[in-house]
Structures are given as C-alpha cells and as structure tokens.
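[1] Just to be clear, the model below is a prediction. Sequence and coordinates:
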4 protein chains.
Amino acid sequence: MSIPVAIVGASGYTGAELLRLLSAHPTARVTRVFARRSAGARVEDVFPQFRGALSMPIEAFDADAAAGAAEIAFTALPHGDSAEAVAALRERGVVVIDLSADFRLRDAEVYARWYGGEERAPHPAPALLGEAVYGLPERYRDDIAGAGIVAGPGCYPTAAVLAVAPLLEAGLVEPDVVIDAKSGASGAGRSPSQATHLPEAGEGVRPYKIAGGHRHTPEIVQEMGLAAGRAAKVLFTPHLLPMSRGLLACVYARPTPGTAENQAVFEDALAAAYAHEPFVTALSGGACPDTAHVRGSNRAHVSVRYDEASGRVLAMCALDNLVKGASGQAVQCMNLMCGAEETAGLAGAGFFP
Amino acid sequence: MSIPVAIVGASGYTGAELLRLLSAHPTARVTRVFARRSAGARVEDVFPQFRGALSMPIEAFDADAAAGAAEIAFTALPHGDSAEAVAALRERGVVVIDLSADFRLRDAEVYARWYGGEERAPHPAPALLGEAVYGLPERYRDDIAGAGIVAGPGCYPTAAVLAVAPLLEAGLVEPDVVIDAKSGASGAGRSPSQATHLPEAGEGVRPYKIAGGHRHTPEIVQEMGLAAGRAAKVLFTPHLLPMSRGLLACVYARPTPGTAENQAVFEDALAAAYAHEPFVTALSGGACPDTAHVRGSNRAHVSVRYDEASGRVLAMCALDNLVKGASGQAVQCMNLMCGAEETAGLAGAGFFP
Amino acid sequence: MSIPVAIVGASGYTGAELLRLLSAHPTARVTRVFARRSAGARVEDVFPQFRGALSMPIEAFDADAAAGAAEIAFTALPHGDSAEAVAALRERGVVVIDLSADFRLRDAEVYARWYGGEERAPHPAPALLGEAVYGLPERYRDDIAGAGIVAGPGCYPTAAVLAVAPLLEAGLVEPDVVIDAKSGASGAGRSPSQATHLPEAGEGVRPYKIAGGHRHTPEIVQEMGLAAGRAAKVLFTPHLLPMSRGLLACVYARPTPGTAENQAVFEDALAAAYAHEPFVTALSGGACPDTAHVRGSNRAHVSVRYDEASGRVLAMCALDNLVKGASGQAVQCMNLMCGAEETAGLAGAGFFP
Amino acid sequence: MSIPVAIVGASGYTGAELLRLLSAHPTARVTRVFARRSAGARVEDVFPQFRGALSMPIEAFDADAAAGAAEIAFTALPHGDSAEAVAALRERGVVVIDLSADFRLRDAEVYARWYGGEERAPHPAPALLGEAVYGLPERYRDDIAGAGIVAGPGCYPTAAVLAVAPLLEAGLVEPDVVIDAKSGASGAGRSPSQATHLPEAGEGVRPYKIAGGHRHTPEIVQEMGLAAGRAAKVLFTPHLLPMSRGLLACVYARPTPGTAENQAVFEDALAAAYAHEPFVTALSGGACPDTAHVRGSNRAHVSVRYDEASGRVLAMCALDNLVKGASGQAVQCMNLMCGAEETAGLAGAGFFP
C-alpha cells in the first residue's frame, strides 16, 4: 500500500534531495517529476548522483497530470510560482507540501512587504493562507497531520526556532534575540554566482543580507512571537561558509526577570522539550552542536548555555539545511499527513565524516 | 527473519560506516559492537552522528561473545590483529568479512614482504588464506556467495580494477599500466596527523607513497594479473586531496597489438561488462566520472577514452572510498553470502551536493 | 642600515609567518632563529614553503646568543615559557615583541585565574607587566613606539576590538556585548588534533569554548572596558570553520541612551576612527567584510550596521588571524618601535583568490 | 628609476595577481590599468583585496594611452582579443608580455586548429609570431631578455615542462608521455559556472577535457618536442580539484634505451638542471612536491622517481597556477627584459598554511 507522490520543481537541490529521500522511503512512491528548467531531461541527466539508482523523465508541470498520478505533491518552485502551482493542485484535491516561502507567513501584508518587490505585489493566493500549516513538526505536529497545505519552513528559521522556542514558550528568555547563523553554500541554490564561485568562496566567511536584509527574517519574527506569546524582536545575521551543507544558528537572549539564572533551568527546559522528539537531540554536559554530525540526516542537535558573566543565554542548533532544513522535514510532514511512522525513510544516521 | 551480525573494530571510519549502513539494512541486525580504542564507550559517544539514531555499547572484543550473538562478523582492525580475530571467529563457525589487508593477497610470501615489517614476519593465519575470497562482487560474485572469509578489497584497488579489468580480461589492453589515483583524506583513517591537519591539507594536493611505496600496490598487481591472465606491471601513484570522501583512479594503458584502435571497442567492452551490474555505471558519450556524484553511495562511475594522438587508453573510476571502497562493498558481499538481494540496504543515490 | 632581529619560537605558524614577513622586510634582518621542537633542523625542513627562499638553522634558545645577534626579538612560545624567555631577553637589553598571552593582561591576578591552571600559579614575571604595552597600534600607537615589551594581542581580541572600540570610546554603544566570532583552523596551531582532522573539520562548523571557556575572554573584557571607560560585559562565542586562515568577529551591542539611532552616527564614527589608519578600512554603503579579501595581508576590513527593528548595532571585522591577528601586527609594532615606516614590509594587498 | 608598466585586462585573476605583484615590485610602477568588463570601476571595487592597498581607475583599453604611459604592457585578455591588443601596442613601440594563448604556439596552423573554432579562423596577427618568445625563463632566458613579445606559458605546460624537460633534453626519457595534472579552480577564471559552484565542486574531483580536449595540449606537445629534439606524443589529463590555487603535474615516461635505469641518473639530471635556478627547487631524498608549499609564490617544486618494478619514470612539479603558472612568471620575464634582478618582487616564500 504505497502512497503516490509528485515532485513539482526538481531542478534544484531541494527537489533532488526529495528524490533521494523518497526513493528510499518505505511507503511513498514518486510517480511524476515536474520542473521548468529541466523539463525534457531525465532525472539522472540533471543530477548524475541518480545514475543507476533512479531514472525518471522530468516533465513540464501539468496540474491535471500531477493530480491524476499523486495524492500528495511537493512543490519546490521559486516563490510566487509555487503559490500558483499549489492553488492548481489544491483545486484538484491534491494535498501539498510547499517548500517555497509562499505559505510560511500568516499575514498576507507581511508577505507583500518581503516578497512583493518594490510595488509590494499582493500574495498570489491569499485565500489559501488560512489553510496552510507551518511545517515544523516539533511545534505543529497535530495541525500538520490534517493540513491541506503544509508550508515547509526556511532553513534558518528551522534552526533558530528549534534552538530557542522551548525557552520562549516556557517564558525563560525574552523574545528579543540576536541570531548569528552560519550556512553552507548549498543554501544559495544551484545557480552559480560570484558569491559561490569556488575560488572566492572556498576559503573565507562573510555575513550577508544582514539587519533585516534576509527574507527569512519575518518568518523568524513570526515564529518567535508565537512561541513567546507576544511580539518578538530579532536581529538576524546570516553568514556564508566555505562548505556545501550544514547550518548552525546561535541565538542570544536574556533571561526574563525572575528566572532562576543557572544552567540547569535552561538545559532542563530544552531537554524536556525534546525528550520524545525523534529528530532533535538536546546535548547535555556543555557539548556544542557541530553541523558535521548531522550532515545528510534529518536530525538537529541543540544545546543551551547560560553565561553568568554576561547574564545571557546562548541557544544553538545544528542541522543539514537541505534535510531537516528543507526536504527531510517535508518528508517528515508527509509521514504525519499519511499516518505513516514519523521517522519512515528518515531514520538514518548522519553522514560522517 | 533478520541476520544477526557483529562489528569488530568500530573506532574507525569503516566501522562507523558499517554501522550507518547496517542500521538501515532491511534484514541485517547489528547485535554486538566491539572495538579496542573505544571499548567501554557507546557508539554515539565515539561517533556523534549516531545520537538519536543508534545507541549501543562498544565492548572489548570477545570471540565467544561475538560467536554467540552473530552469524556474520565484519572485522575492521589493523592488519595482523584482524587476522587473529578472523581466526578466532572462524574457529567458532562465524562467517567473516574482513576489511583489513590480511586476506587480500593470495600469496603469504607477498604478504610478508609488504606487511611483515623489516623482518618480514609471516602471515598470522596462513592456513586461512585458501579459504578467503577477494570481496569484489563484480569479479568474484559466485565465490563470495559461498565463502567463509571474504577479504574486502582496498579502496584504491577497487577503483583501479573496476576501471580496467574488463579491458584486461578482454585482452584489449596490455597489463602494464600507470595508475594515477586521487583520494580524500578519510582514506587515511581517523587518527589525526600533520598530513591531514586542516590548515596544511585543506588547500593543496600531493602525491605520497609513490613508486611501490603504497601497500595497495601488490593487491593491484595481483588483481590486474588475474584479469589479464598473465603477470601485470603497475606504477601506482596515490594522491591526497583536500576533501574528506571520494576516490578517483585514472588507469593509463596501451592497446594490445591487433586491437582495433577506436573508441567504440573500449567503450563497448566496458559497457558490456557492467550492463547488469547494480552498482557500476559505465558512462558513455565522453562523460568523465566525478567523485561528487557517488559520494555516500555504493556506486562506481567508470568510463574509458581512447586517445588517438598518443595511442593510449585512459580508464577511469570514481567511487566513495568508505562505501564502495570499503564498508558498502562489504555489505554488498554480506548480501551475497546471505542470499539477500544484492542491493539490500545499498540502493540509495549518492549524496549530492 | 638594517635592524637585526631574532625569532624565538619558530616551530609554529606565527613563527613561520614572522619569517615570511621579515624576510621580505626592507630594513629588518633575521639573524637567529630559535625553537624548541625544531631545534637542530633548518627552517626549510620544518616549513617547506621556505625552500629556495630562506635557509637558516634553527637553534635551541639561548638568551646570550639572541642578545648578541639582535636588537629586537619576537617571542612566540607557549604561555609561561614565553614570559621566561622575555625576562631573559630584557635582562640583556633586548626589546621584545611577545606573541604569547603572557603580557596581554594588565592584572596578574586575572592572568593567574585564566592561565595558572587549577592551582592558579602566579605570573612568571609580574615585575615586567608594567613595562608591557598592548600591541594594537590603532589604540596604543604612541606607547608601542617606546615600549620595552610589546604584547601582541590575540587574534579574536584584535578583531573584536577593532570592530567596536571606536563606538565604545565615543560612548555610542553600551559596553555589554555579544561577540560571535568565526576562525579558520590555523588559529588552533600546528599540532594535529581530532578537532582539526581534515575529514572531520573540512565540512562543518561548530562553536567551542563558549561562555567564558576561551582564554581570549579576559583580554577582550579588558580592552573593551578600557575603550568604554568602565567595566565591560562580554559573551564571547568562538567558532571553528572549515578553512585555514581568516577570522570574522561580529559584535552585537545596544546604543547608549541618548544616542541618535541612525546608521550614519555609527558609520561615521567608524569611518572617522580609521580614516588615517594604514591597515584598517571602514567599509561604507552597507558592505560586509569578507575574510577572503584580507587573507595574507595585514589589513582589517570593518563595518557597522544599525538595525532599527531590534534597536541593536552590529559591528564587524574581518582579518587574517596569522597576519593582522598575530605576526603582521607584531611587525607593525616593530616598525613603530624602530622608527621605520609603519607599513614597511606590510603594504601588500590581500591574497585573493 | 622606475619602469612604467600598463596592465591590459584586469577583470580576471591573472590581472589581479599582476597588480598584487607589481604594486610590491621595487622598480616597476603600474601607470594605467585597462579592462573591458570592469572599465569605469576602480581596482578596489572589482577586487576588494586592494582596499587600502591600491586604488586606481580601470579604463577602457586605448593603445595610445597605454603607449604614452608605459614601456611595458601586460596583456591578459581572451585569446584573439589579446593578439589585437598586442599588435596595437607593438605598433606603438611597447614591449608586451601576453598572458593569453595567442603567441604560445609557433605554428599558426596549429593555432588555427585549436583556437580558430569550427571554421579554423586564422591567427589574428601571424606576422608577430616570429617575434614572440615563449616566456619560460628556465628554458628561454636569453631570448626573453631581448624579446618584443613574450608569450606567458599556460599553467599546465609550465608545470609539465619544468618537471620533465631536463630529462627529455638529456635524452634520458622518451618523448612519449602521460601527463596527469591536477588544478585548483582559480585556473578556470573568475566567471562563475556550474563546474566551479562551491556546493558541487567543493568536495569532489573529476577529469575534464581529456584526451586532446584541453587547449594546453598543443603547447605541451610543442615544448616537449623542442626539449627532446624530436616530435613528442602526449596524453594529457587535467583534473579540477576542490581548492582555489595550486597545480600539480605528474609526468609518466619511459627511459630511453641505454639509459642506466636507476634513481640517481634521473634525480641528478633534475638537480643539475635547476641547481642555479632561483625559482625551481629539485627535491631530493624521495620527497614529493605539495602545492600547499608553493601557494602564493613564484616557486616550483619538482622531483623525479624511477620505479624499478614498472620500468617507468615519474616526474612531478607543483606550482601556484596564478603565480609561477601565470602572473609571477610574467613578472619574472619582465625582470629579465628590463635588466632587473630576475627575482625582483618575487623573492617571497610561499603562503603557508
């Protein structure tokens, strides 16, 4: 009894990662693969890692074809385009997990401000926003199970929220945080650019799109606010690192007045929050997460440290931006939506060294 | 109906890779894990990628314990030690797949010369040599299926032999070859050294142990000779590259007199040899293999090019030194020995990017 | 008219970098090279980059020999050892630039707490502390010129202080900061370790020695406090990155009450502070520093951003940890001490790509 | 008494490297900088490593302006364009060092075949070919000194020729060689591409343009033939490595009949050839060259090994593709042409780690 799924948008890394994960999934079965740039080619022509492992044609997107062949579709198109594909699929009764930014923000106004360009073009399918659930199982597990649209979170928000949301929710830290995050270059996508040209990016680190310049900012603000139960302030600084995969978020916060300021309070809160989570491990004993230890897996390593000297809390999370930060998490959502084991197809250990 | 297996030697990368692959295997079940350096710890303490995925104690090796708990054992100890463990396990009726060099060479004299140190100490278990089968399924599939001891090939020999053996066997090229091979640093093992210190090795390339200095040389000579049906001459030049995983072998040979010297002859021979192989893909149309495309998978990409100007043939093979070059190939052998599907637990695509 | 200099401690990267810079210096002349680990070898045996460029014997340290051959000595030994060598050299009238941590902290108590081990062993040469000047020319230029001992700053403190000291000094931000800093692996020195083993560190990022665990913390606290004119609070998070050279510090602060909170105020302060500095460039127009652009040079790129949404200031600095973060800055100090042009031997552009 | 020089083509890496080297040169003085893509910008806008170090306008190329301001010009334009600029400069009496391929091949027919496209367009300035000298000082020092046009060799030919030319010239090996060469990604230039996109190229190795596919092939054939005194056969296999700088060539050859086949014969020949060369070091005692040891310098490390088992010789050379393989060698030629010290501005050690 397999579940037929379609992938819409297979030219990029998240599409390829979906293919990798779903082709090893015990119950899902990829029936159709669509893409724009690569339509007409075969999967193994566009991504040679599939040679010998998976051979399928890539077609131009057709909503009827997708609906005829799949119960669930993953959409991984540029924002705007993705919303249109989602709308077409929903009309035809397909359940959709969208990996673009189109359904992450609850407020269409905020979407227009961050994604609408200079003219603040409105959201392409605002009527569907109410139907969408933010696809972070550790926070919205039950809602995801019954959703028609799941919005796969951004890689940076996933890491930042996993690191600090339990502390915000428990009222232990103020919702006024600095997020200093570091990402591998695969987060920039498959299109070559000067910024990801090996001779220039292979040995160096730099911040980019700082101080509200990165579009993951409103998503982080939204989720931090929801966790805290009041409006959050966020200064978010992403960095490009000389590596392919991996994302580390360091979240700096202050304890709320009245919180007992000792390590155990914060560490216990994190440990409790993730005690039964299959993919999130709260490290103890002062260990720091390392992205190398979660590479290729759907796992996240989190830890927290209270620093007496400065009276601050540092919450950290390491994950693989293409797996737990994108495609793996989307499959985790699919599992919940299908009533499959949540870890189906995702139980493997990280890929190290 | 699961197959209980033990891992003897889990402190190193090949042991960890065995754990990664076997914990996702449909029928094998790791029942005991032994190691020397790490005995007393748990798997996830030594290799943090297993946090949340696999938690097992690591014990000091005990042949009785292993035999009581497993039908098949993987041994991944330093040479010499491995032979002793294999002997103890064989006495107790355990089938063994050995990842050390101890059972790769058919001739105990050759072993003593290359592994016996200055005093040429004899092989620790020469009586078992006759029982051992070289664990390269593409060449010894049937023998592996019934073997008591399988000797997992070295990473360099696997790549070099996969690249050129079909041409040697078909008599198309002379068994007098130059092998220029490039490896990631994980091939050097887990112990830190100056040669693999990131600041010094992270941006640079150098040959090492050239001209008969590398212990994989006799193994390559043996297998090339067996393929050709006569003694082979080999000049083998390994290189250390600034990456973790991946191995590329370029094998330079001359056509045998009388061979029609055109691309199709060589390309067809390679294509025919691997047409039905589940893990080896012969590239056509002039494509060159790239280690990035086989990273993390048990796959090998091979191709061949005849160069008219120089009258030479270049056969190439890319693989992941820890998977097809070590632990994945060992699991492939295990599958054959158990009568499981040869691809069980190994069917996944490469891990890219 | 050349200045004879000696290098004491040439087995490590800072020693080698001193040799590289001084052998190209227009007026300095390295007359003797001392080291412990490498004594008896020649420079080019220990550091093959000097083959054909520089050939000198490395001797066991002898204070008389050094004093007989040099007016200025650079000491780059482990802390504790360095202080003893400095004391011996000062007795003999040699001016010393010390690259260890021994003379960076003004307060011997603080030194004992951070470097004295569990028993808080006292400073080896407390009487000399008063004589020592912190070797950051952008802050202590005049004192350096006449000093008998210059304490070369740590790489992290150099970056953090260059980024934010002008803002602290101008009273624009509070001396209560978060420093999230990222370093290449050469900062860990030449001794191999698991943490810098290429297969494990070559693709990943992790924080280490967080929350007061890193010995550069008190040095940063000291210098931030001096800049602000009152005690500073610092939360310092260093990270290890998959690259050899380069250090980026991101310093997060809040404007002091009453400061006009707009970008120009902070940007102008930084621009003014470095307008006439030969090695520090304040970037304008929202540019972020990139360590790739200062690699191999004595330059630092700094910039600052005020974020309205969070009411915070982010000050950034990129430098090469072995040059401006160590040996280049030491040569800059030497130039000041000799009355040479401050940029002598250091004027070159970064090494990019 | 400075020498005014112009750079024509400063948008790429070789142009930037010329600027880095020449701005630190004791006698040369860059008076004008020309480029196409970057005209109108300033040097530090295009290459941020020059911030604070060098600030010059980049102009659209004008031969009169160049001739009015410079005695020597470096041209680093795409092939074809470069020849035109060279012709214009020669007409105006400027001595030119060309870093393109336009004047490397002595035979215009060969040029047309490799650079003339499908229609084999003829050389743009065939009359000037006779005037051009191949700019490899170790082989054509005297001719370079008096030349009007020097053709800077390709990076691969420089390494391959330095490795084996002395053996060919001494008649010790046959001019029928395999060259297996490995290059960092900066050799591919500054334009981003899929092949040099960090996520795809940062961890992997692959051959490219093999078997006569690479345009450096005829240049290698020409120079090997000239060294041997008879036509050479070459099989050349370039590889792209996951690093920015560095090039290693392994040249495999057979001893000529009659040559005493022992290590000393070959090693002595190489040692003798380079005994007085300022930039080439012949390693002894079995050492292998490492590109990390010559990074950033104009140095080449060469060594040779005779392998008794296969009866073959392996000659190796490591260099920095942008320095000794391009811009540094061009400056070395300039020094010869100006009567300056050959090592002027180039004496520095490699940049390691």
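    Ah, there it is.
[2] which ones are touching the residue nearest to A:Pro137 when sequence neighbours are not counted?
    Excluding its sequence neighbours, the residue lying closest to A:Pro137 (C-beta to C-beta, 6 or more residues apart in numbering or on different chains) is A:Gln332, at 5.4 Å. Any C-beta I mention is one placed from the backbone N, CA and C, and that applies to glycine too. A:Gln332 sits next to A:Pro137, A:Phe279, A:Asn298, A:Glu342, A:Thr343, A:Leu346 when contact means C-beta atoms under 8 Å, 6 or more residues apart in numbering or on different chains.
[3] Run a quick neighbour tally on the second one.
    Around A:Phe279 there are 25 other residues, counting by other C-beta atoms under 10 Å in any protein chain shown.
[4] Any figure for the gap between it and A:Gly348?
    Distance, A:Phe279 to A:Gly348, by C-beta to C-beta, to the nearest Å: 11 Å.
[5] out of the contacts of A:Gln332, which one sits closest to chain D?
    Compare each of the contacts of A:Gln332 with chain D using C-beta to the nearest C-beta and the shortest gap goes to A:Asn298, at 19.1 Å.
[6] so how far is A:Val43 from the residue in the stretch 201-350 of chain A positioned nearest to chain D?
    Of all residues in the stretch 201-350 of chain A, A:Ser244 sits closest to chain D, at 4.3 Å by C-beta to the nearest C-beta. Going from A:Ser244 to A:Val43 by C-beta to C-beta gives 20 Å.
[7] Any regions of chain A where pLDDT drops low?
    A:1 (pLDDT under 70).
[8] domain parsing for it?
    Using automatic domain parsing, the domain parsing of chain A gives A:3-153+A:324-338, A:156-321.
[9] A:Val178 in helix, strand or coil?
    Following DSSP: H, G, I helix; E, B strand; the rest coil, A:Val178 is assigned to strand.
[10] which one is it nearest to, not counting chain neighbours?
    Spatial nearest neighbour of A:Val178, excluding adjacent residues (C-beta to C-beta, 6+ apart): A:Tyr252 at 4.2 Å.
[11] The one you found is in what secondary structure piece?
    Mapping A:Tyr252 onto the secondary structure by DSSP states H and E places it in strand A:247-253.
[12] list the buried ones in the helix or strand that comes right after that strand?
    Using DSSP H and E, the helix or strand that follows strand A:247-253 towards the C-terminus is helix A:263-274. Of the residues in helix A:263-274, A:Val265, A:Phe266, A:Glu267, A:Ala269, A:Leu270, A:Ala271, A:Ala273, A:Tyr274 count as buried by neighbour count, 16 or more other C-beta atoms under 10 Å in any protein chain shown.
[13] which residues in chain A form strands?
    Along chain A, counting by DSSP state E, strands occupy A:3-8, A:28-34, A:58-59, A:72-75, A:95-98, A:132-134, A:149-151, A:176-183, A:206-207, A:233-240, A:247-253, A:280-282, A:300-307, A:312-319.
[14] Now distance to A:Ala170 too, for the buried residues of helix A:263-274, in TSV please.
    Shown next, in TSV, are the buried residues of helix A:263-274 (distance: C-beta to C-beta, whole Å):
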residue	distance to A:Ala170
A:Val265	9
A:Phe266	9
A:Glu267	12
A:Ala269	5
A:Leu270	9
A:Ala271	12
A:Ala273	8
A:Tyr274	13
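[15] Quick check: phi and psi on the closest residue to A:Gly225 other than its chain neighbours?
    Excluding its sequence neighbours, the residue lying closest to A:Gly225 (C-beta to C-beta, 6+ apart) is A:Ala232, at 4.2 Å. As for A:Ala232, its main-chain torsions (degrees, to the nearest 10) stand at phi -110, psi 150.
[16] hang on, isn't A:Ala232 packed against A:Pro175?
    Yes. Using C-beta atoms under 8 Å, A:Ala232 is in contact with A:Pro175, at 3.8 Å.
[17] so what sits against both of these two?
    Joint contacts of A:Ala232 and A:Pro175 (C-beta under 8 Å, 6+ apart) are A:Leu168, A:Met224, A:Gly225.
[18] Out of these, which comes closest to D:Gly286?
    For these, the minimum distance to D:Gly286 (C-beta to C-beta) is 60.4 Å, reached by A:Met224.
[19] Touching stretch A:256-273 from outside, list them.
    A:138, A:165-167, A:169-174, A:255, A:282, A:284, A:302-306, A:308, A:311, A:313, A:315.
[20] Just give the closest residue to A:Asp290, not the sequence neighbours.
    Per C-beta to C-beta, 6+ apart, closest to A:Asp290 is C:Arg206, 3.7 Å.
[21] Just give the number of residues close to the one you found.
    The burial count for C:Arg206: 23, using other C-beta under 10 Å.
[22] Next: A:Arg230.
    11.
[23] how close does it sit to A:Arg106?
    For A:Arg230, the distance to A:Arg106 - C-beta to C-beta - is 16 Å.
[24] Torsion angles phi and psi at the residue lying closest to A:Ala309 once chain neighbours are set aside?
    Nearest residue to A:Ala309, sequence neighbours excluded (C-beta to C-beta, 6+ apart): C:Gly212, at 5.6 Å. Here is the backbone geometry of C:Gly212 (degrees, to the nearest 10): phi 90, psi 10.
[25] what comes up buried for the longest helix anywhere in chain A?
    In chain A, with assignment by DSSP state H, the single longest helix is helix A:155-169. Within helix A:155-169, the residues that count as buried by 16+ other C-beta under 10 Å are A:155-168.
[26] One more: stretch A:193-203?
    Result for stretch A:193-203 [16+ other C-beta under 10 Å]: buried residues A:Thr196, A:His197, A:Leu198, A:Pro199, A:Glu200, A:Ala201, A:Gly202, A:Glu203.
[27] Next: stretch A:243-255.
    A:Met243, A:Ser244, A:Arg245, A:Gly246, A:Leu247, A:Leu248, A:Ala249, A:Cys250, A:Val251, A:Tyr252, A:Ala253, A:Pro255.
[28] Pick out the most distant pair among those residues.
    A:Ser244 and A:Pro255 (36.5 Å).
[29] The stretch 101-250 of chain A against chain B: which residues are in contact?
    A:Ser186, A:Gly202, A:Glu203, A:Ser244, A:Arg245 (C-beta under 8 Å from any C-beta of the partner chain).
[30] show me the contacts for the nearest residue to the last one once chain neighbours are set aside.
    Pointing back at A:Arg245 there. Excluding its sequence neighbours, the residue lying closest to A:Arg245 (C-beta to C-beta, 6+ apart) is A:Gly184, at 4.7 Å. By C-beta under 8 Å, 6+ apart, the contact list for A:Gly184 reads A:Leu241, A:Met243, A:Ser244, A:Arg245, A:Gly246, A:Leu247, A:Thr291, A:Asn321, C:Glu203, D:Pro199.
[31] What is the nearest of the residues you listed to chain B?
    Nearest to chain B among the contacts of A:Gly184, with distances taken as C-beta to the nearest C-beta, is D:Pro199, at 3.8 Å.
[32] ok, the closest one touching A:Leu198?
    No. D:Pro199 is beyond contact range of A:Leu198, at 9.5 Å (criterion: C-beta under 8 Å).
[33] ok, so what distance separates A:Ser38 from chain B?
    15 Å (C-beta to the nearest C-beta, to the nearest Å).
[34] got the contact list for the closest residue to chain C within the stretch 101-250 of chain A?
    Residue nearest to chain C within the stretch 101-250 of chain A: A:Gly204 (2.9 Å; C-beta to the nearest C-beta). By C-beta under 8 Å, 6+ apart, the contact set of A:Gly204 is A:Pro242, C:Met243, C:Gly246, C:Asp290, C:Thr291, C:Ala292, C:His293, C:Arg295.
[35] switch the cut-off to 10 Å
    By C-beta atoms under 10 Å, 6 or more residues apart in numbering or on different chains, the residues touching A:Gly204 are A:240-242, C:184, C:241, C:243, C:245-246, C:248, C:289-295, C:318, C:352-353, D:244.
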